[in-house]
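Undergrad: starting from these lines, generate the structure:
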Amino acid sequence: MSRHEEIARAAAEIAPIPRGEDGEPVFREPWEAQAFAMTLALYERSLFTWSEWAQALSGAIKRAQAAGDCDDGSTYYRHWLAAIEALVSEKGIASEQALAERRGAWDRAAHATPHGQPILLKNDPLR
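TA: All right, here's what the predicted structure looks like:
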């Protein structure tokens, strides 16, 4: 079983991964693929089990739905990213403050990057 099949199986009961006609995961934006890859990398480093991952993803989805998430699939990887952040924080890998600072840096970099150019952290004006 491939790495992406393992994570797909773990997420299937909670929220199946969006797939294309070929059965491969589908990503609408590059950051979604990066979040997927980051999850695999963190799992391979034994940061969490697939059971813990599924629980974190389920929690992220439930919190979003309680807050009025549109639940049309367009926010799937936002929940995915929230689950990664929750696990990283819970496991003491990065603090909530560090995660918030990094989100801010990416946001500032995105606003400072010319349209059509890759968004890089070095574009953060506060760097």
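Undergrad: can you tell me which residue is spatially central in the chain?
TA: The residue at the geometric middle of the chain, judged as the C-alpha nearest the mean C-alpha position with C-alpha atoms, centre = their mean, is Leu81 (2.3 Å).
Undergrad: how about the nearest residue to that one, chain neighbours excluded?
TA: In this structure, Leu81 finds its nearest non-sequential neighbour in Ala35, 4.9 Å apart by C-beta to C-beta, 6 or more residues apart in numbering. From N, CA and C alone the C-beta is placed, and that goes for glycine too.
Undergrad: let me know how buried that neighbour is, in neighbour terms.
TA: Neighbour count for Ala35, taken as other C-beta atoms under 10 Å: 19.
Undergrad: circling back: name the element the residue nearest to the centre of the chain belongs to?
TA: Counting by DSSP states H and E, the element that carries Leu81 is helix 76-90.
Undergrad: and the helix or strand that that helix is followed by, C-alpha only, in PDB?
TA: Using DSSP H and E, the next helix or strand after helix 76-90 towards the C-terminus is helix 96-112. As requested, C-alpha coordinates have been extracted for helix 96-112 and formatted as PDB (Å, rounded to 0.1, in the frame of the first residue of the first chain):
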ATOM      1  CA  GLU A  96       0.300  28.100  19.000                       C
ATOM      2  CA  GLN A  97       2.200  31.400  19.000                       C
ATOM      3  CA  ALA A  98       4.800  30.000  16.600                       C
ATOM      4  CA  LEU A  99       2.100  28.700  14.300                       C
ATOM      5  CA  ALA A 100       0.300  32.100  14.400                       C
ATOM      6  CA  GLU A 101       3.500  33.900  13.600                       C
ATOM      7  CA  ARG A 102       4.200  31.700  10.600                       C
ATOM      8  CA  ARG A 103       0.600  32.100   9.300                       C
ATOM      9  CA  GLY A 104       1.100  35.900   9.600                       C
ATOM     10  CA  ALA A 105       4.400  35.700   7.700                       C
ATOM     11  CA  TRP A 106       2.800  33.700   4.900                       C
ATOM     12  CA  ASP A 107      -0.100  36.200   4.700                       C
ATOM     13  CA  ARG A 108       2.300  39.200   4.600                       C
ATOM     14  CA  ALA A 109       4.400  37.500   2.000                       C
ATOM     15  CA  ALA A 110       1.300  36.700  -0.100                       C
ATOM     16  CA  HIS A 111       0.300  40.300  -0.100                       C
ATOM     17  CA  ALA A 112       3.800  41.500  -0.900                       C
END
